[in-house]
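Student: Sequence and predicted structure below; questions after.
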Amino acid sequence: MLKKLTFVFLVVSFMIAGALVSMADEDEDFIFYRYTVNNAIYAAEESQGIPEEYSHEAVIEMYSSLFFDADSKSDVEFIKDINITEKNDTKDNNKDYSFSAVLSENVLPEEGNAIILMFFIRQDDTYEELIPPEEIDPSQCRMKMIEPITLELPNVGEDNPNHIRIIVFLKNSYKELTLDNIQIYDAKIVINQFNFWNTLIKKWSDAVNQLNSDIFSK
């Protein structure tokens, strides 16, 4: 009787052990399968994120973490002598500014390889497109000078500055942008609020300068 009970116990033990091994194998297979699926989805998303033809929208979406990270810094220089200045032909509470720059010496004309300039402004914790991206053909830049680009800045007041970020890169490099092949330029522009007396003085000064110019030109 004791031998029979021992035999039954051993059989049951082997069955339980086999079931546990089977369950472990199933769990292991499931985990591996899930990981593989996640990898496949991630790879598919990456491949879909790199279009065969260049698109401003796709590039901004694909590289948003690179473009808009506050810690992103780059030593690359495609443009230099960058100026963002108030346009003289506009009125008080001026929001119209002019962007100008010069191509760096290492930028050589190459057919079909334009320089892309993207202008963004920081609003709270996000960046918004300030103007549509510009494509600059180096071969069309006289004396390497980029034609002035008008920027309309939205924020007025010392407590509400305009934080601008400019991203520059070669169009042919759009599929593999890194900090090693993009230029990041940050600027802070403060637009002073309307001041009656300052405006009056400025108008008077402008009128005097114009009068003197007319007198000396005769």
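Tutor: Everything's here; your move.

Student: For the closest residue in space to residue 178 that isn't next to it in sequence, grab the count of nearby residues.
Tutor: Sequence neighbours aside, residue 66 is the residue nearest to residue 178 in space, at 7.3 Å (criterion: CB to CB, 6 or more residues apart in numbering). Yep, even glycine has a C-beta here, placed from its N, CA and C like the rest. Counted with other CB atoms under 10 Å, residues neighbouring residue 66 total 15.

Student: go on, residue 60?
Tutor: Residue 60: 17 neighbours (other CB under 10 Å).

Student: In contact with it, which residues?
Tutor: 67, 118, 129 (CB atoms under 8 Å, 6 or more residues apart in numbering).

Student: Tabulate the residues you listed in JSON lines, adding columns for secondary structure.
Tutor: Shown next, in JSON lines, are the contacts of residue 60 (DSSP: H, G, I helix; E, B strand; the rest coil):
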{"residue": "67", "secondary structure": "helix"}
{"residue": "118", "secondary structure": "strand"}
{"residue": "129", "secondary structure": "strand"}
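
Student: So which of the residues you listed wins on neighbours?
Tutor: residue 118 (22 neighbours).

Student: Need the residues that contact the helix or strand harbouring the residue nearest to residue 178.
Tutor: Secondary structure from DSSP states H and E places residue 66 in helix 64-68. Contact with helix 64-68 is made by 60, 72, 118, 120, 126-127, 165, 167, 177-179, 182, 184, as judged by CB under 8 Å, 6+ apart.

Student: again, 10 Å this time
Tutor: 59-60, 72, 74, 118, 120, 122, 125-127, 165, 167, 169, 177-179, 182, 184 (CB atoms under 10 Å, 6 or more residues apart in numbering).

Student: Can you list which of those are found in helices?
Tutor: If you go by DSSP state H, the contacts of helix 64-68 have 59, 60 in helices.

Student: Restricted to buried residues, select the contacts of helix 64-68 in ChimeraX.
Tutor: Per 16 or more other CB atoms under 10 Å, the buried members of these correspond to this ChimeraX selection:
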select :59,60,74,118,120,122,127,165,167,169,177,182,184
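
Student: For the chain, give me the ranges with low pLDDT.
Tutor: 1-51, 89-93, 109, 111-112, 194-203, 212-218 (pLDDT under 70).

Student: which ones are touching residue 132?
Tutor: Applying CB under 10 Å, 6+ apart, the residues contacting residue 132 are 56, 118, 119.

Student: element containing the residue nearest to residue 164 when sequence neighbours are not counted, please.
Tutor: With sequence-adjacent residues excluded and distances taken as CB to CB, 6+ apart, residue 164 is closest to residue 187, at 4.6 Å. Under the criterion of DSSP H and E, residue 187 resides in strand 182-189.
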